[in-house]
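**Q** the following block contains a protein sequence and its predicted model.
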Protein chains: 2
Amino acid sequence: MGTAATGGGDDRPLAGVASEHKVNLSARRPFVEALRTGLAETFFPDDPFRGFGSRPPAARAWGGLKYFVPALEWAPRYSLGKFKYDLLAGVTIASLAIPQGISYAKLANLPPIIGLYSSFVPPLLYAVFGSSNNLAVGTVAAASLLLASIIETEVPPEENPQLYLQLFYTAAFFTGVIQTALGVFRLGLIVDFLSRSTITGFMGGTAAIIILQQLKGMLGMKHFTPKTDLISVIRSVFQYRHEWKWQSAVLGICFLLFLLSSKHLRKKRPNLFWVSAIAPFMVVVIGGIFAILVKGNEHGIPIVGDLKKGINPLSISQLTFTDKHVNLAVKAGFLSGILALAEGIAVGRSLALIKNEQIDGNKEMIAFGIMNIAGSFTSCYLTTGPFSKSAVNFHAGCRTPMSNVVMSVCIMLVLLFLAPLFKYTPLVALSSIIVVAMIGLIKVKEFCHLYRVDKFDFCICMVAFVGVVFFTMVIGLGASVGLSVIRALLHVARPNTCKLGSMAGGEIFRDVRQYPHARNIPNVLVLQLGSPIYFVNAGYLRERILRWVEDEENACKIDGQDLQYLVLDLSGVSSIDNMGIGILVEVHKSLDRKGIRVALTNPRLEVAQKMVLSGYIKDTIGEEWVFLTVKDAITACRYALQRSRSKEDGEV
Amino acid sequence: MGTAATGGGDDRPLAGVASEHKVNLSARRPFVEALRTGLAETFFPDDPFRGFGSRPPAARAWGGLKYFVPALEWAPRYSLGKFKYDLLAGVTIASLAIPQGISYAKLANLPPIIGLYSSFVPPLLYAVFGSSNNLAVGTVAAASLLLASIIETEVPPEENPQLYLQLFYTAAFFTGVIQTALGVFRLGLIVDFLSRSTITGFMGGTAAIIILQQLKGMLGMKHFTPKTDLISVIRSVFQYRHEWKWQSAVLGICFLLFLLSSKHLRKKRPNLFWVSAIAPFMVVVIGGIFAILVKGNEHGIPIVGDLKKGINPLSISQLTFTDKHVNLAVKAGFLSGILALAEGIAVGRSLALIKNEQIDGNKEMIAFGIMNIAGSFTSCYLTTGPFSKSAVNFHAGCRTPMSNVVMSVCIMLVLLFLAPLFKYTPLVALSSIIVVAMIGLIKVKEFCHLYRVDKFDFCICMVAFVGVVFFTMVIGLGASVGLSVIRALLHVARPNTCKLGSMAGGEIFRDVRQYPHARNIPNVLVLQLGSPIYFVNAGYLRERILRWVEDEENACKIDGQDLQYLVLDLSGVSSIDNMGIGILVEVHKSLDRKGIRVALTNPRLEVAQKMVLSGYIKDTIGEEWVFLTVKDAITACRYALQRSRSKEDGEV
């Protein structure tokens, strides 16, 4: 037996059968072109400048400028009709920006005014450079807490509030630089490593911690732990229980009920969304009036305290780049920046999808970067496009980034004239606003969905959640991203292989596990390989292929048959490296000794090219054993088998 | 237009045409089974215990024992006939082990006797636990230099030779523990991350550095730099040029010429391999006699110096686990251990392949681990299966690991009776042996092959080479592995997509770039996706698919046609995660608004399962738009198009 593999003379399997279609082995891309395409696909998957080449230079320059400054795209076509919508949306988000700005600044242990400053300058810049029509710019809870938790470890805000604040500016500066660089160098793929599962778990965990932390405000406490893990927070609540104030608690519960019912109303009647949108502002106003009336501060209802009048002072001179703290600022800036990008881009994309618009991730990064750099110069800390605000903007009917300008102007007016009024805002009002905002971020339904669809995704999500809740935010994020990367690598390291059986009278070949009625092909084993063949998985694939062959041989023995051909279906192999070809050679040699012939079907362009270049096709397999379809390969195998059998019979 | 996507009533594309074969969407594996299979494929790709289940318990236990102690497999069937071959091979490799042992110990700045000790105990253990019939155990140059370069940074051998030696033992102990653990926990895939390109480059760079370092011995110098980079080594040679001894140099050149011509002879006449095998031993003997005769030590020919008689003393008590040095030992042990594994397993595999034997990587790791742990207790440092020695063993006709036992006995005899004689070995003899052994490791041909076949593999190789030569060995290794991992991740992050055209009268569908004569299909765009769809590449794939659609729409416009269907061929998609399904939903929504219908073909088992579970197939695509083949999908599209057109005509 095994004649087909060892036979000397005319070894061509189809010397007689005309094979209509052949694998194109001569298609080859020159290295420079392949490199150019590879780089372009890696860094410019959206190919922003396509179609530019054909235009005159002036138009090209204008097009390029419009690409980098999207405002030039929409501003000339802007109309009063659109402005009406943007005005309404802008005022609505401004009413949300004031309580959120103050709240999140308190969450980060910053002076509350910084939160208002941060809603003035960055939105203006985003309106010029941003490509999303729906995003509303502002501070976010998770990144605020993350920044605070990192910076607090080395500079406690109570001991050195000035340096603490400076480090926030510096971190925002680095955030901006990193975001711009990622955008310019088209490295958006770093953000891709934050999977949705990671973000869901991380946001959920952060929200849970933030809600627990609000017990401080709700109970009117003065002392609290700077740590963010569950156990420290709970312990802290009970450690200072003599500070609990029932007045705060009662007021807080009233506010909570009000906010929750406004949220409920929005779910029931989507067109009354504006009630829930201005509810936080109402809480601040009502709370403030109440605090003035009852002199809350003296009766167990702590208030925000002094807010200076006037717009953002410059803060360039406050950026600190001293050796001692620069590492801290870079770390805080990098982590919060990536997180902010992931949130902002995801929010922008999901809203754009509803309106069928396009968002350019890399352009967004540059816009975020510019607004954070400018923000760090003008007393702002990290800003991005938070979900809550952007959703309100969207539902209020915004048309262009002009709504951000409107919000910005509103905040400016507040800063210039009304800021001191907000000093009476009770802290408990802010806490209840934060709690209600955060409840929606613990997406229990999403957890369940993940559990049902993909257990591993669920693990990744839970690692982030548990890591944040029981350890620190950085640990939760890191462990979850690490697990995701290991998973991605494992999928490269252990690619799927499956045995194909024939269906539809030998026309179609499919996985026998998936299609139990697919039939075995006598004397031939057809294996489908998936994903790239690489140094990482080459060894595994060799073992796996040889094991498939062995199993098949055993199965054949029982049937009294003999395995004579192995057909490798390479349709799913998107690329191969030098070591991958090496193992195919090894498999070929091993099987050759057993008298089993190897045939290939349908190698893709890159794969075929490398196989030809390395001499694998010519020296090892033989060009006549490469087929375009599995069917061709099997026809050839049958024909060769028949010939060798009739030869044997003749010899006998 | 766009009726197909928006049409209300009977949207089933094939309501009329009978689709013979359907995608099996109900095939589902329970989670526990999927997890079990997944773990088994990841950690037991070779499935060592298959076929055990059916045997009685005693046979199973005996089989298991034989699996872990391969000697039980071959020893009972051992015969005198085999022993004759093993004896010859064993004596031959012993004659090589003596000069190599002494040389590599000198390379690592260890007392030369340690090199001989290391060729006594480990081979005995490998003979019992090893699964390769061809591997000859001993010390290796690259790992010796790597260990020395790591340990020297903190403990210079001149200052504290005792501690330096102890750290070598401790590192060997950790190497053993790590190797055993990798084998037991089936983590051989860590070794897979050292690609052949990395090893080729690293070995080449190391060989180049080692050759340059031998200038010390060749020129009879006493002082030299402990650093391993090119510039330090060259500078060191000229800095101490007053130490140069012409006598050493002349003798060295003679030895070099002798060794090189013996090597040349082996290439010309393969059956005279034993000449080159014993040539190093001849050089040691002749050199020794010469040194005695001319009193070399007093005339510019430095010799090895005292070698104690007696077999390995115990060294358990010398292992140091103090806080200060344990990290260093773990680092050195880990890096050299992984490197040694990669070399040993690769050598074992390539030799086994020639004889058509099987090597079990995980079993080999355990064997290497046991021999290194035992070695660290008996005054040995790191050992593995070096290429040069194993090749000689192979060519000398070894049959079983018994040849290692023979070598071990020879070395024992040398240690007991002849060791003091080797004190007269001139250092220049050792240097010339090392140089000749290393020359073969700079594989210029392999570099050229890599350059021709795969430019990126060539880069990985060159990074390792340049890193080792100009920086340190750890930097070279780390940069190269890092680049390999980034490449693997990039391939997951930027998977191939291609447009399919129809061939063979609409029977076969292939990449239009590869097969330029493949024809466009009117109104339909067929895209082939490759590799898993993951959080890493989900965003990219969405952009890329939408860009393909846009390009196709533009192309259609020129032809006066209209793109109506997108068929995604999922044959090559080996798995999908939650985010991957998310982007498919987004693509579907985007295209739905443009009036383009999405159809899927041939989702694989795992992919189909997740799509069903997540509700994607039922709620988004519709089960009737999932097809088994591209041909079916296109038939359905055509039919639906025809119907919608005739409906329009009717309405008009």
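**A** Alright, I've got the coordinates.
**Q** got the contact list for residue A:344?
**A** Counting by Cβ atoms under 8 Å, 6 or more residues apart in numbering or on different chains, residue A:344 touches A:135, A:364, A:368, A:384-385. Backbone N, C-alpha and C define where each C-beta goes, glycine included.
**Q** give me the number of residues near whichever residue of the stretch 151-300 of chain A sits closest to chain B?
**A** At 3.2 Å from chain B, residue A:195 is the closest residue in the stretch 151-300 of chain A, using Cβ to the nearest Cβ. By other Cβ atoms under 10 Å in any protein chain shown, 29 other residues sit near residue A:195.
**Q** what's the weakest-modelled helix or strand in chain A?
**A** helix A:3-6 (a mean of 40; mean pLDDT, DSSP states H and E).
**Q** quick one on the thing from earlier: show me what contacts the residue nearest to the residue of the stretch 151-300 of chain A closest to chain B when sequence neighbours are not counted?
**A** Among residues not flanking residue A:195 along the chain, residue B:535 sits closest, at 3.2 Å (Cβ to Cβ, 6 or more residues apart in numbering or on different chains). With contacts defined as Cβ under 8 Å, 6+ apart, the neighbours of residue B:535 are A:192-193, A:195-198, A:484, B:577, B:579-580.
**Q** what subset of those is buried?
**A** Among the contacts of residue B:535, the ones that count as buried by 16 or more other Cβ atoms under 10 Å in any protein chain shown are A:192-193, A:195-198, A:484, B:577, B:579-580.
**Q** inside helices: which ones of the residues you listed?
**A** Judged by DSSP state H, the subset of these located in helices is A:192, A:196-198, A:484, B:579-580.
**Q** could I get those as TSV with pLDDT and distance to residue A:280?
**A** What follows is those, written out as TSV (pLDDT from 0 to 100; distance: Cβ to Cβ, whole Å):
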residue	pLDDT	distance to residue A:280
A:192	72	33
A:196	81	27
A:197	86	30
A:198	88	29
A:484	85	35
B:579	82	32
B:580	87	37
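**Q** need the max-distance pair from these.
**A** A:198 and B:580 (14.6 Å; Cβ to Cβ).
**Q** coming back round to it: run the chain-centre distance for whatever helix or strand comes next after the least confident helix or strand of chain A.
**A** Once helix A:3-6 ends, the next helix or strand along the chain (criterion: DSSP states H and E) is helix A:31-43. Relative to its parent chain, helix A:31-43 has a centroid offset of 24 Å by Cα atoms, centre = their mean, to the nearest Å.
**Q** check stretch A:449-462 too.
**A** With Cα atoms, centre = their mean, you get 16 Å for stretch A:449-462.
**Q** give me the contact list for it.
**A** Residues outside stretch A:449-462 that contact it (Cβ under 8 Å, 6+ apart): A:195, A:197-198, A:200-201, A:204, A:447, A:480, A:483-484, A:487, B:31, B:35, B:577-579, B:581, B:610, B:613-614.
**Q** I'd like to know which of the residues you listed are buried.
**A** Neighbour-count burial (16+ other Cβ under 10 Å) is assigned, among these, to A:195, A:197-198, A:200-201, A:204, A:447, A:480, A:483-484, A:487, B:577-579, B:581, B:610, B:614.
**Q** CSV please, covering the ones in helices among the buried ones among the contacts of residue B:535 and showing distance to residue B:102.
**A** Shown next, in CSV, are those (distance: Cβ to Cβ, whole Å):
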residue, distance to residue B:102
A:192, 54
A:196, 60
A:197, 57
A:198, 55
A:484, 50
B:579, 59
B:580, 58
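**Q** and which of these is nearest residue A:84?
**A** Among these, and counting by Cβ to Cβ, the member closest to residue A:84 is residue A:196, at 35.8 Å.
**Q** any figure for the gap between the residue nearest to the closest one when sequence neighbours are not counted and residue B:610?
**A** The shortest distance from residue A:196 to any non-neighbouring residue, by Cβ to Cβ, 6+ apart, is to residue B:579 (4.7 Å). From residue B:579 across to residue B:610, the span is 11 Å (Cβ to Cβ, to the nearest Å).
**Q** what do you get for residue A:471?
**A** 31 Å.
**Q** picking up where we left off before, out of the buried ones among the contacts of residue B:535, flag the one nearest to residue A:268.
**A** The shortest gap between residue A:268 and any of the buried ones among the contacts of residue B:535 belongs to residue A:196, at 28.2 Å (Cβ to Cβ).
**Q** close to chain B, is stretch A:175-185?
**A** No. Under the criterion of Cβ under 8 Å from any Cβ of the partner chain, stretch A:175-185 makes no contact with chain B; the nearest approach is 13.6 Å.
**Q** show me what that stretch is in contact with.
**A** Against stretch A:175-185 from outside (Cβ under 8 Å, 6+ apart): A:43, A:187-188, A:190-191, A:333-334, A:336-338, A:340-341, A:362-376, A:382.
**Q** pull out the buried residues from that stretch.
**A** A:175-180, A:182-183.
**Q** which of the residues you listed fall within helices?
**A** A:175-180, A:182-183.
**Q** need the max-distance pair from those.
**A** The farthest-apart pair in those, when distances are taken by Cβ to Cβ, is A:175 and A:183, at 12.5 Å.
**Q** quick one: the helix or strand hosting residue A:456 to chain centroid distance?
**A** Take DSSP H and E as the rule and residue A:456 turns out to sit in helix A:455-470. Offset of helix A:455-470 from its chain centre (Cα atoms, centre = their mean): 16 Å.
**Q** hey, C-alpha coordinates of it in CSV?
**A** Output of helix A:455-470 as CSV, limited to C-alpha atoms (Å, rounded to 0.1, in the frame of the first residue of the first chain):
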residue,chain,number,x,y,z
LYS,A,455,-18.7,32.4,30.1
PHE,A,456,-15.2,33.7,29.5
ASP,A,457,-16.4,37.2,28.8
PHE,A,458,-18.4,36.9,32.0
CYS,A,459,-15.2,36.0,33.9
ILE,A,460,-13.3,39.0,32.4
CYS,A,461,-16.2,41.2,33.5
MET,A,462,-16.4,39.8,37.0
VAL,A,463,-12.6,40.0,37.5
ALA,A,464,-12.9,43.7,36.8
PHE,A,465,-15.9,44.1,39.1
VAL,A,466,-14.5,42.1,42.0
GLY,A,467,-11.0,43.6,41.5
VAL,A,468,-12.4,47.2,41.8
VAL,A,469,-14.8,46.4,44.6
PHE,A,470,-12.4,44.4,46.8
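**Q** report the rounded mean pLDDT for it.
**A** Helix A:455-470 shows a mean pLDDT of 91.
**Q** surely residue A:244 and residue A:221 touch.
**A** Yes. Proximity of residue A:244 to residue A:221 meets the contact threshold set by Cβ atoms under 8 Å, at 6.7 Å.
**Q** of these two, give the one with the bigger neighbour count.
**A** Just comparing residue A:244 and residue A:221: by other Cβ under 10 Å the higher neighbour count belongs to residue A:221, 21 against 16.
**Q** what sits against the residue lying closest to that one once chain neighbours are set aside?
**A** Leaving aside its chain neighbours, residue A:221 sits nearest to residue A:243 (4.4 Å; criterion: Cβ to Cβ, 6+ apart). With contact taken as Cβ under 8 Å, 6+ apart, residue A:243 is in contact with A:219-223.
**Q** can you pick the most crowded of the residues you listed?
**A** Within the contacts of residue A:243, neighbour counts (other Cβ under 10 Å) peak at residue A:220, which reaches 23 neighbours.
**Q** that one in helix, strand or coil?
**A** coil (DSSP: H, G, I helix; E, B strand; the rest coil).
**Q** quick check: phi and psi on it?
**A** Main-chain dihedrals, residue A:220, degrees, to the nearest 10: phi 70, psi 30.
**Q** what's the spacing between the residue nearest to residue A:221 and residue A:250?
**A** According to Cβ to Cβ, residue A:243 and residue A:250 sit 16 Å apart.
**Q** swap in residue A:450?
**A** 39 Å.
**Q** these two: which has the busier surroundings?
**A** Neighbours were counted for residue A:450 and for residue A:250 using other Cβ under 10 Å; residue A:450 has more, 25 against 13.
**Q** which of the three states applies to the more buried one?
**A** Per three-state DSSP, the local secondary structure of residue A:450 is helix.
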